[in-house]
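Colleague: this one's structure only:
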């Protein structure tokens, strides 16, 4: 593998705009790195698709970011991380990081009694990726996963508080709390926007505080370590640039992107492309 | 235009499985006709995509059904009917029917005071198709459209009753009821599965009964008329065959398809294809 250039950008991709929560965590941790984000908004969501389709889509996204001569690829999508990370890592000539392993490791660390809950998409549940990654860290930990497909559209709709998200979250958390979980991983890049509701409801159902782990922060920390180890860190004095590619400019793009990124995106460099 | 064969199948397509509610209405109305359904389940939902992307996807679906030598195409998707029906009609050499015009016409008939409400996807709202089609029937009718993007994932999740769908439906209906609507069109093929909740909540909010119009039934009635006028009806003694194509075999396909079709689909002829 030829050594990529240190001043090359880090590529980040997701099935849509949810991965912007990961981009945000990466930018906060590594403000001097250039970032290129690709959101496959024309084909979102991946979470309900078959594994083979997800692999095909992921390859197309990686190919596009490779053209941007990235030094490292962050797969900011739990579904792709669950079913395509091995294939992408094997096929690409730069490091590839997913969100699941960092999230699972942080979840195991946060759990005191080894009963870890994970909220994620149906595709991620089927992949068995969270139990697998948690087992790789600790043989003792028990992992309980729950598919919560309605939370993605709730976030995209901007219904982040009120009765509907509260009741939907409670419904999904019910089974996890019955398993007496003692830590909860948000296994989808959309869920951090519902973190306040989820933290409140899981504590209320459980009767005591349950630490909630955001995979995006876990990933950003591990990414910083990988860059250092691989001697790929950019120049620390710089102010990183950000470019965004989307495969479709969805309705309300600015509104939704601003929500995920936590800042006004009107001034961002956004390009619509075909894959 | 060469006259298609009477014994050719009717093609029905949708962005996913929601159009199966239309297929169901067509099969009930025309049990002797062969039907070919194409669900573009790999790229569902269309409702949040740009018009150009929807047109491109719709062309690919129509091309696939054309290979099946259909005699007529039913666009069982409100979003495609809203933004691509004219283009498809112009490009194809057989009749093309959408769901919006029949739904709008039936809505106008159901409305006593000409204040028609429509629940639909964001894409359909932006297209302005319902107000346009209603205006074509009656200059007096006022049309109020409300995007209800959360109802599709609710139906796909199978949450058809209980507090979450009830509160989500109420939230979307609130603005329509404030406009004092006197009839409501379900402007998305998923919504008929929530018809009971919608009927109850709109009556409760409004204080009196509001007729709820299902575009699928309106379409099936107009389809029967078109077949007769164009001398395209199949042989009435036959028992129609049904084939289904999907571009991705989604998780829980059988469960979701059974829900939309209102019958067990285990015995159906389903093929996964690429477009």
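Modeller: Received, thanks. As the structure is a computational prediction, the values presented were derived from the model and not from experiment. Residues are numbered from 1 along each chain as shown, chains lettered A, B, ... in the order given.

Colleague: and the closest residue in space to residue A:113 that isn't next to it in sequence, how many residues sit next to it?
Modeller: Here the nearest residue to residue A:113 in space, its sequence neighbours aside, is residue A:182; by C-beta to C-beta, 6 or more residues apart in numbering or on different chains that works out to 4.9 Å. (Glycine included, C-beta is placed from N, CA and C.) Counted with other C-beta atoms under 10 Å in any protein chain shown, residues neighbouring residue A:182 total 18.

Colleague: Can you get me a residue count around residue A:236?
Modeller: 9.

Colleague: Now it: closest residue in space that isn't a chain neighbour?
Modeller: residue A:32 (5.1 Å).

Colleague: Quick check on the one you found: phi, psi?
Modeller: phi -90, psi 0 (degrees, to the nearest 10).

Colleague: circling back to that earlier point, thinking the residue nearest to residue A:113 is in contact with residue A:107, fair?
Modeller: No - using C-beta atoms under 8 Å, residue A:182 is not in contact with residue A:107, being 10.2 Å away.

Colleague: Quick check: neighbours shared by these two?
Modeller: Shared contacts of residue A:182 and residue A:107 (C-beta atoms under 8 Å, 6 or more residues apart in numbering or on different chains): residue A:116.

Colleague: Point out where chain A drops to low pLDDT.
Modeller: A:1, A:250-252 (pLDDT under 70).

Colleague: Tell me which stretches of it form helices.
Modeller: A:20-29, A:51-67, A:78-91, A:100-110, A:122-127, A:129-137, A:151-157, A:163-178, A:195-206, A:215-229, A:253-261 (DSSP state H).

Colleague: Compare those helices and report which one is nearest to residue B:23.
Modeller: Closest of the helices of chain A to residue B:23 is helix A:51-67, at 23.1 Å (criterion: C-beta to C-beta).

Colleague: And for the closest one, what's in contact with it?
Modeller: By C-beta under 8 Å, 6+ apart, helix A:51-67 touches A:11, A:13, A:15, A:36, A:38, A:40, A:43, A:46, A:49, A:73, A:75, A:79-80, A:83-84, A:87-88, A:91-92, A:96, A:123, A:126-127, A:245, A:273, A:275, B:42, B:248.

Colleague: hang on, residue A:190 packs against residue A:18?
Modeller: Yes - with contacts counted by C-beta under 8 Å, residue A:190 reaches residue A:18, the gap being 4.3 Å.

Colleague: tell me, what's touching the two both at once?
Modeller: Residues touching both residue A:190 and residue A:18 by C-beta under 8 Å, 6+ apart: A:152, A:155.

Colleague: excluding its backbone neighbours, what's nearest the residue in chain A that chain B sits nearest to?
Modeller: Chain B sits closest to residue A:153 of chain A, with a gap of 4.1 Å, by C-beta to the nearest C-beta. When the adjacent residues along the chain are set aside, residue A:153 lies closest to residue B:153, with 4.1 Å between them (C-beta to C-beta, 6+ apart).

Colleague: Now for the one you found, how many residues are close by?
Modeller: Applying other C-beta under 10 Å, we find 22 residues neighbouring residue B:153.

Colleague: if I look at it, how far off is residue A:119?
Modeller: 15 Å (C-beta to C-beta, to the nearest Å).

Colleague: Also residue A:11?
Modeller: From residue A:11 to residue A:119 the distance is 27 Å (C-beta to C-beta).

Colleague: Of these two, which one has the most company?
Modeller: residue A:11 (28 against 25).

Colleague: For chain A, which residues are neighbours of chain B?
Modeller: A:42-43, A:48-50, A:53, A:122-123, A:126, A:149-150, A:152-154, A:156-157, A:159, A:163-164, A:167-168, A:171, A:248-252 (C-beta under 8 Å from any C-beta of the partner chain).

Colleague: hmm, 7 Å instead?
Modeller: Within chain A, the positions adjacent to chain B are A:42-43, A:48-50, A:53, A:122-123, A:126, A:149-150, A:153-154, A:157, A:163-164, A:167-168, A:171, A:248-251 by C-beta under 7 Å from any C-beta of the partner chain.

Colleague: Tell me the buried residues within those residues.
Modeller: Neighbour counting over the residues of chain A next to chain B (16 or more other C-beta atoms under 10 Å in any protein chain shown) leaves A:42-43, A:48-50, A:53, A:122-123, A:126, A:149-150, A:153-154, A:157, A:164, A:167-168, A:171, A:248-251 as the buried ones.

Colleague: show me the contacts for the residue nearest to residue A:113.
Modeller: A:111, A:112, A:113, A:115, A:210 (C-beta atoms under 7 Å, 6 or more residues apart in numbering or on different chains).

Colleague: Closest one of these to residue B:215?
Modeller: residue A:210 (44.8 Å).

Colleague: And that closest one, how far from residue A:200?
Modeller: 11 Å.

Colleague: give the contact list for residue A:78.
Modeller: A:99, A:100, A:120, A:121, A:124, A:187, A:188, A:189 are the contacts of residue A:78 under C-beta under 7 Å, 6+ apart.

Colleague: Measure how buried the residue nearest to residue A:236 is and give me the count.
Modeller: 13.

Colleague: Torsion angles phi and psi at the residue located most distally from the centre of chain A?
Modeller: In chain A, counting by C-alpha atoms, centre = their mean, residue A:207 sits farthest out from the average C-alpha position, at 28.4 Å. Torsion angles at residue A:207 (phi, psi; degrees, to the nearest 10) stand at phi 90, psi 0.

Colleague: who's in contact with residue A:140?
Modeller: So residue A:140 contacts residue A:114 (C-beta under 7 Å, 6+ apart).

Colleague: before we move on, what about residue A:88?
Modeller: Contacts of residue A:88 by C-beta under 7 Å, 6+ apart are A:58, A:62, A:75, A:96.

Colleague: my guess is the last one meets residue A:89, correct?
Modeller: Read that as residue A:96. Yes - applying C-beta atoms under 7 Å as the test, residue A:96 and residue A:89 come out as touching, 4.5 Å apart.

Colleague: Pick out whichever of these two has more residues nearby.
Modeller: Neighbour count, other C-beta under 10 Å: between residue A:96 and residue A:89, residue A:96 has more, with 20 against 15.

Colleague: Tell me which residues touch the more buried one, please.
Modeller: A:73, A:75, A:85, A:88, A:89.

Colleague: repeat that with 8 Å
Modeller: A:62, A:72, A:73, A:75, A:85, A:88, A:89.

Colleague: and stretch A:85-94, which residues are buried?
Modeller: In stretch A:85-94, counting by 16+ other C-beta under 10 Å, buried: A:85, A:88, A:92, A:94.

Colleague: The closest residue to the first one other than its chain neighbours - how many residues pack around it?
Modeller: Counting by C-beta to C-beta, 6+ apart, residue A:85 lies nearest to residue A:98, which is 4.3 Å off, once chain neighbours are set aside. The number of residues packed around residue A:98, counting by other C-beta under 10 Å, is 25.
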